[in-house]
Structures are given as structure tokens and as C-alpha cells.
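K.L.:
structure of the sequence below:
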Amino acid sequence: MAKYNHSLTVKFDSEDNELIYSGVSFYNKKIVDDIEIRKNAIIINFVRSSKMKTEMVLDSPKSNIRYHLQRALCFYLAVTGTIPDVDSITFTCSGEAVQIPHESFTCHWKNCDIDICLPPESAKVIFENENGKPFYIMISYFLKSQLANFSHDRFRSAWSTLNAVYTYMDSINNEDTYRSENNKLSTLMYIIDKNTMNYSVDRIKRLKNDDFWEHISWYNAFHDFSEKDFKSLISGSLYNDSELLGYICNHMKVFSEEIVNDEESWAILKEKSTKKNNRPKDRLKFIVCRYCYMMRNKSFHAETIYPLFVISDDAETRIEKILTEVLLLTIKDLFILYSDKLNN
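P.N.:
The predicted structure follows:
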């Protein structure tokens, strides 16, 4: 059977020829092609049993080459932080090259810039086999969170990314076919405790330098806190960080009446808050697994008004932007951890 060599080359308007990925691009067990990604080009090489028509390369509803290209663009943006202007797109079949007019679809690639990136050695996991698909899904939402126009859209996409991450982590750490959201979050808190979490912990430490902690809604965080949860707080099985316990003690009135009246327990908490026990991961767990999860629930279940018309960014979105950044850095830490495990 005859074999025909094809290639698709996207040339960027850049002189930087640095190689950032070279290897296979897995589509399914029958279709595994080759891809090379440089700062100035994406090159997809593939062999087929028949010649492919130019219009089938990107416009066919089931084009696997379009899938390769979309994934390559996500990788490129995730590791470099931007997509340059496109100079040309060339399709080659058996040595015959055709220029593909591209302005109608590459216009959607313009102004794609992000601040929080992933290392290429971790992000390459999306290409190599079928196990990379969950990580590709994570990257797509990770990018969406940084490209969305509305602050709240960015937060929602960041949470969706984290949901994909901790669902994946929970599935490989537990054999149960069904796990509740609370169980998955418990797994997430355990993993945060047991790993370095360099990027997210560094951001959490810097929150002390502004008034972030005074501007979050402590009422929404704790008004439905049960007495059982409060006992976990007192025992230290939930949080032990003195800074966080101090903030909680300063907002004791947001708790239920039964908890507020538990003077003995509050005395224990106030004493713990003076011990200078520095556990920034406790603050990270509180922000991610309790506070952001609470915000996620209110938003996804339409319990609050969607913030369409923001009048004052500082008053209305500053805290949400910080929360989104913490989520994205947590995702970055976890993505590196688990993609490296899969790569190794």
C-alpha cells in the first residue's frame, strides 16, 4: 500500500528558533503523528495511505490534524505566555506545497497572552499517549481562565480547571468508582499538605502584605459551619496556622449562635493563635478548599447575581482576581507534580 508524506507548517512572525517540543502527537491508537514546536513555527508531519486534499486538513469536521494543531497552540501558549502573529500556513503533500489562506481563523489567535505559564517538560504530557487527554483538558481551562474578559468568568474557569485536576488526582489515589465532592476535596487537602506547592504557597505568604484577609466574606465562609466542623477546628485536625486562627477569632461573630457561645473553645483557639505556628499551607487549604469552593457553589448554582457590569474594579473584583491567581498557581503546582509522575 502506497504511503504519502504530508506536513502542515504554521510559521510565526518571529526570529526565535528555540525548540520547545519534538516528538509524537497522539490522536488514537491508530493515529500517532509527529510534531515539532519551535518559538517561530509549529510543524506537523504525518503519513497517510492516500493524498489528503488541502481543504480536508483544517476544515473537515473530523480533522485529526486540526486537533493536533489546536493542542499544539494550547501547549505553545501555556509554556511561552503568548501566540505571535502568523506569517504563513503551508500544507505539503508528497513534495507539493500549497499556501493556506489563514486570516479568517488565525484572527482568533490574536491577543492571546497569559501571565502564569507551565514548564514545557511538564506540559508535554498532553502529546505522548492516551493518558495525556485529562492534562490537555486541564490546560485548555487553565488558558481559558487567563483569556476570559470577565473577572468572574476567569474565576469560574479556574475552578473548573482545579475540579479537573483534583478529580484526576482522586481517581488515581482511590479505587472507589464514586467519590463525593467533599471526599475529593479531602484528598486535595492531603496532597497540599504532603507536597511543596512552591508557587501557590509563595503567593499565600505575600497576602499578608495587603488587606486581603479583611476583605473576604468571613460570614459566607463560616455561617454554615457545623459544631462538628468547629470541633475539628479546635482539635487542630483542620487548621493549625496561628495567622489564620487569629483571623477566625477576629470574626467569631459570623458563626452560629451555638458556636459563638462556646467560650471555652474560643479560649483554646485564641491561645493557639498566639503560638506563632506558621503553616501557610493551612491558609492555602482554607482559601482553595473552603472559600473558593463556597464561591464556586454560589456562582454555579446561581445563588448570587452574576457581576455583569463592574463599576469599580478595586471594590468589586480585586479580591476575586487574587483568588483566581491563587487557584491558578495551585493548579500549576499540582499539574507539575502529577504530569511529572506520569512522564516518569
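K.L.:
middle-most residue in this protein, spatially?
P.N.:
In the chain, the centroid-proximal residue (C-alpha atoms, centre = their mean) is Phe142; its distance is 3.7 Å.
K.L.:
what about it, which helix or strand?
P.N.:
Following DSSP states H and E, one finds Phe142 within helix 133-147.
K.L.:
quick one: residues contacting Lys332.
P.N.:
Applying C-beta atoms under 8 Å, 6 or more residues apart in numbering to Lys332 gives the contacts Ile116, Leu118, Tyr199, Ser200. (Glycine included, C-beta is placed from N, CA and C.)
K.L.:
returning to what we had before: helices or strands up against the helix holding Phe142?
P.N.:
Packing contacts for helix 133-147, counted by 3 or more C-beta pairs under 8 Å, 6 or more residues apart in numbering; DSSP states H and E, involve helix 64-80, helix 151-173, helix 318-343.
K.L.:
which element follows the second one toward the C-terminus?
P.N.:
Sequence-wise, the next helix or strand beyond helix 151-173 is helix 181-194, with elements assigned using DSSP H and E.
K.L.:
what are the C-alpha coordinates of stretch 156-164, in PDB please?
P.N.:
Coordinates of each C-alpha in stretch 156-164 appear next as PDB, following Å, rounded to 0.1, in the frame of the first residue of the first chain:
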ATOM      1  CA  ARG A 156     -15.200  30.000  37.200                       C
ATOM      2  CA  SER A 157     -12.800  28.600  34.600                       C
ATOM      3  CA  ALA A 158     -10.000  28.500  37.200                       C
ATOM      4  CA  TRP A 159     -12.300  26.500  39.400                       C
ATOM      5  CA  SER A 160     -13.300  24.200  36.500                       C
ATOM      6  CA  THR A 161      -9.600  23.600  35.900                       C
ATOM      7  CA  LEU A 162      -9.000  22.700  39.600                       C
ATOM      8  CA  ASN A 163     -12.000  20.400  39.500                       C
ATOM      9  CA  ALA A 164     -10.500  18.500  36.600                       C
END
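K.L.:
name the nearest residue to Lys3, sequence neighbours excluded.
P.N.:
Nearest-residue entry for Lys3: Val47, 5.2 Å, with adjacent residues in sequence omitted and distances by C-beta to C-beta, 6 or more residues apart in numbering.
K.L.:
just to be sure, that neighbour is in a strand?
P.N.:
Yes. Counting by DSSP: H, G, I helix; E, B strand; the rest coil, Val47 is located in a strand.
K.L.:
and it, how many neighbours?
P.N.:
Residues near Val47, counting by other C-beta atoms under 10 Å, number 10.
K.L.:
from Lys332, how far off is it?
P.N.:
Here Val47 is placed at a distance of 36 Å from Lys332 (C-beta to C-beta, to the nearest Å).
K.L.:
returning to that earlier point: quick one: closest of the helices and strands packed on helix 133-147 to Asp87.
P.N.:
Judged by C-beta to C-beta, the one of the helices and strands packed on helix 133-147 that comes nearest to Asp87 is helix 64-80, at 14.6 Å.
K.L.:
next, the buried residues of the closest one.
P.N.:
64-66, 68-69, 71-80 (16 or more other C-beta atoms under 10 Å).
K.L.:
which other helices and strands contact that helix?
P.N.:
strand 4-12, strand 19-28, strand 31-38, strand 41-48, helix 54-58, helix 120-123, helix 133-147.
K.L.:
report the distance from whichever helix or strand comes after it to the chain centre.
P.N.:
Per DSSP H and E, helix 64-80 leads on to strand 86-93 as the next helix or strand towards the C-terminus. The chain centroid and the centroid of strand 86-93 are separated by 31 Å, computed with C-alpha atoms, centre = their mean, to the nearest Å.
K.L.:
ok, strand 86-93: who's next to it in the sheet?
P.N.:
Using DSSP bridges, the strands paired with strand 86-93 in its sheet are strand 4-12 (antiparallel), strand 96-99 (antiparallel).
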